[in-house]
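> give me coordinates for this.
(2 chains)
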Protein chains: 2
Amino acid sequence: MILVPLCVLLLAVAPAVAAAQPTADESPVTLRWHRVTPAVVEGKGWTDTEGDFDRFPARAKDDLRKPVWDLSQHSAGLSVQFVSDATRIRVRWTVTQDRLALPHMPTTGVSGLDLYANERGAWYFVGGARPTESPTNDADVIVGLSPTPREFRLYLPLYNGVSRLEVGVPEEATLRFVPSSKARPVVVYGTSITQGCCASRPGMSYTAMLGRRLDVPVINLGFSGNGKAEPEVARLLAELDPAIYVLDALPNLTPQQVDERMPAFIATIRAARPRTPIVLVEHLLYPNLRFRKEKAADVATANASLRRIYETRRQAGDRHITLVPSATLLGTDGDGTVDDSHPTELGFARMVDGLEPHLRRLLPKTQTSR
Amino acid sequence: MILVPLCVLLLAVAPAVAAAQPTADESPVTLRWHRVTPAVVEGKGWTDTEGDFDRFPARAKDDLRKPVWDLSQHSAGLSVQFVSDATRIRVRWTVTQDRLALPHMPTTGVSGLDLYANERGAWYFVGGARPTESPTNDADVIVGLSPTPREFRLYLPLYNGVSRLEVGVPEEATLRFVPSSKARPVVVYGTSITQGCCASRPGMSYTAMLGRRLDVPVINLGFSGNGKAEPEVARLLAELDPAIYVLDALPNLTPQQVDERMPAFIATIRAARPRTPIVLVEHLLYPNLRFRKEKAADVATANASLRRIYETRRQAGDRHITLVPSATLLGTDGDGTVDDSHPTELGFARMVDGLEPHLRRLLPKTQTSR
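Below you'll find the model as predicted:
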């Protein structure tokens, strides 16, 4: 059997055909479709949402700036777990926006899904589903699996909303969704980088990678261009009771806004959660700062502000606040981003290498994810 | 100054506006455009090409299968070097195909350009240019550079052809193209993976990364889905006089085709180049082979065939042939690809980590690139 060279198919044929999934097995199979309900969605901070795959509660709509609200309807960081012995797994999903890709991020990351399976406690990539049209797609994720019961995790789109999601397996296969985890999650608040720009598929955003590495639920509260540390967002974060808060919003704040907003943002969370660890992440040292002195100075100023805020809190007796320096979060060779600010998977892997030890140290020793 | 959150711009505004480059400096500047001529294109094996940025000579057109010829008109692996003291660098380029992206590879990698600058002998990413329409785009790569003369390298699109390319700098800036290197190159023959699918930008294909790491010109002869080890392609490769041949075509060959074609392919090259190192690369161990026994068996069979071919040649006295095992080329966590076969930058970086020591050992000690 030859492994299907999908890239070339796309060169030769019409778009609709070209985008056909690389199914090695085209034999007709009767599938049974299992609809994903909110109770089994992992990575949601609130259950009282407008849509099943939204990230903020419906009641927050009027308080938030419109871009924040709109972005909260992207399914970034959400996933679904199920146990199945299926040899073939198909997905059918409906997105809320026509825009399936970004110029620097493919459809697979913006609007696609990808699947992992657990093997002896570790998660391994199984396959992905490519959207080819809006709003509804229906695509094989994997065919030819050996028929062993496995635990799967399906990651949802990073830069699109989802209004409906179903998993299809051959009718003779079993499929049981796993209720969402009751473990206290890690909550990450931030920018487009947190939201997952520019992972090639949802499972490779840095919050998803952290979740797999630490075996902990992660709530992605990244809002592209809008991680602006506003009081109404701080109040929402304070409603949660996570194991750790990670605040990674500096690239969306001017140095002045760091000074003006971050102390109050932290104070709001701290008032509600006196002993929950808060991790402050410095502004990434973007690759081309070495060539742009003015931009480099701004980043240095923002990071100096964050460090002062951190030190002020420590001196005031807050023992549950941590600062993660950015020096090594993107490596030093300049190759970690697509566009000087948004990491590729290489950059995200480096970020996770840098963040993981800090978070691992702060997680409760008894933490188990389920 | 706030760092521009491009992802969010794309959510809020119309496509044409959304895709505007993240120029921090919008002040009107009179630019002088410098057209790139074939004499300064790096990574071309032949000068007698139909288009300036083609990869095979025009006379090969009738010998080659049409898909191979068509793919040879993609500018994968080509780059251009220049020295400039410009504070702003803009590019204007015309592509040959309307399709600017693939479902699993963004426009930036398929049809975009990216720029590196040399600092004390190492190459660092400067910025990229995003195509937003077909056929011609005109975009800033970088603004706000400190005005020091630097050596730059501009990488061309991986999955599109280029019919015209110009570099624009402010009229008071100097710009001098550097003639293409006279050093013996590394020639890499292979599949979509070699061609660069699915790097997010051209400078992150594995051939481009190898070129920077080893400081050697690399000729990319990757043909998506069509690295089929045909005799007519072997004859073309044998015309070249490289420092090393790397043959990385197994994912496009059935196990049977490996047996049928690779010995003759190697023999054709060897007849012309008796002592040039030939590096055989095993089929990548795709992440989900662990879940698909049948597919895994095919890959194992293909790799066993390649090893037999390698051992037969060694036993026949060929001391200039090397085999690179695939065991570590994608890592072991399954996270190196977008779709189980095409590496992301994380996968490409791992491939380069695995390939680099073999190639470094084989390069002439006196090799200098210019």
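> can you tell if stretch A:56-73 touches chain B?
Yes: applying C-beta under 8 Å from any C-beta of the partner chain, one finds stretch A:56-73 in contact with chain B at A:P67, A:D70, A:L71. Using the backbone N, CA and C atoms, a C-beta is placed for each residue, glycine as well.
> end-to-end on that stretch?
Its start and end residues considered, stretch A:56-73 measures 8 Å (C-alpha to C-alpha, to the nearest Å).
> going along the chain, name the helices of the stretch 151-300 of chain A.
Counting by DSSP state H, counting those that start in this stretch, the stretch 151-300 of chain A has helices at residues A:192-195, A:206-214, A:231-239, A:255-272, A:293-315.
> local confidence estimate at the residue in the stretch 201-350 of chain A that chain B sits nearest to?
Per C-beta to the nearest C-beta, the residue of the stretch 201-350 of chain A with the smallest distance to chain B is A:G225, at 2.7 Å. A:G225 carries a pLDDT value of 98.
> wait, it sits on A:G190?
No: the pair A:G225 / A:G190 is not scored as a contact, 10.9 Å apart, by C-beta atoms under 8 Å.
> identify the contacts common to these two.
A:N252 (C-beta atoms under 8 Å, 6 or more residues apart in numbering or on different chains).
> if we can go back for a sec, right, so the helices of the stretch 151-300 of chain A: which one is the most enclosed?
Mean neighbour count (mean count of other C-beta atoms under 10 Å in any protein chain shown) peaks for helix A:192-195 among those, with a mean of 29.
> what's in contact with that helix?
Residues outside helix A:192-195 that contact it (C-beta under 8 Å, 6+ apart): A:71, A:74, A:76-77, A:158-159, A:188, A:205-207, A:220-225, A:227, A:248-249, A:251, A:284, A:341-343, B:5-8.
> how far does that helix sit from the chain's center?
Helix A:192-195 sits 8 Å away from the centroid of its parent chain (C-alpha atoms, centre = their mean, to the nearest Å).
> filter the contacts of helix A:192-195 down to just the ones in strands.
A:V188, A:N220, A:L221, A:G222, A:D248 (DSSP state E).
> only whichever of these are buried, select them in PyMOL.
Burial among the ones in strands among the contacts of helix A:192-195 is assessed by 16 or more other C-beta atoms under 10 Å in any protein chain shown; the matching PyMOL selection reads:
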select buried, chain A and resi 188+220+221+222+248
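> give me the phi and psi angles of the residue most central in space within chain A.
Among the residues of chain A, A:G77 comes closest to the average C-alpha position under C-alpha atoms, centre = their mean, at 3.2 Å. Phi and psi for A:G77, reported as degrees, to the nearest 10, are phi 90, psi -10.
> mind listing what it touches?
Contacts of A:G77 (C-beta under 8 Å, 6+ apart): A:43, A:55, A:158, A:188, A:195-196, A:205, A:207-208, A:218-222.
> quick one: these as JSON lines, columns for pLDDT too.
Rendered in JSON lines, the data for the contacts of A:G77 read as follows (pLDDT from 0 to 100):
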{"residue": "A:G43", "pLDDT": "98"}
{"residue": "A:R55", "pLDDT": "98"}
{"residue": "A:L158", "pLDDT": "98"}
{"residue": "A:V188", "pLDDT": "98"}
{"residue": "A:Q195", "pLDDT": "98"}
{"residue": "A:G196", "pLDDT": "98"}
{"residue": "A:S205", "pLDDT": "98"}
{"residue": "A:T207", "pLDDT": "98"}
{"residue": "A:A208", "pLDDT": "98"}
{"residue": "A:V218", "pLDDT": "98"}
{"residue": "A:I219", "pLDDT": "98"}
{"residue": "A:N220", "pLDDT": "98"}
{"residue": "A:L221", "pLDDT": "98"}
{"residue": "A:G222", "pLDDT": "98"}
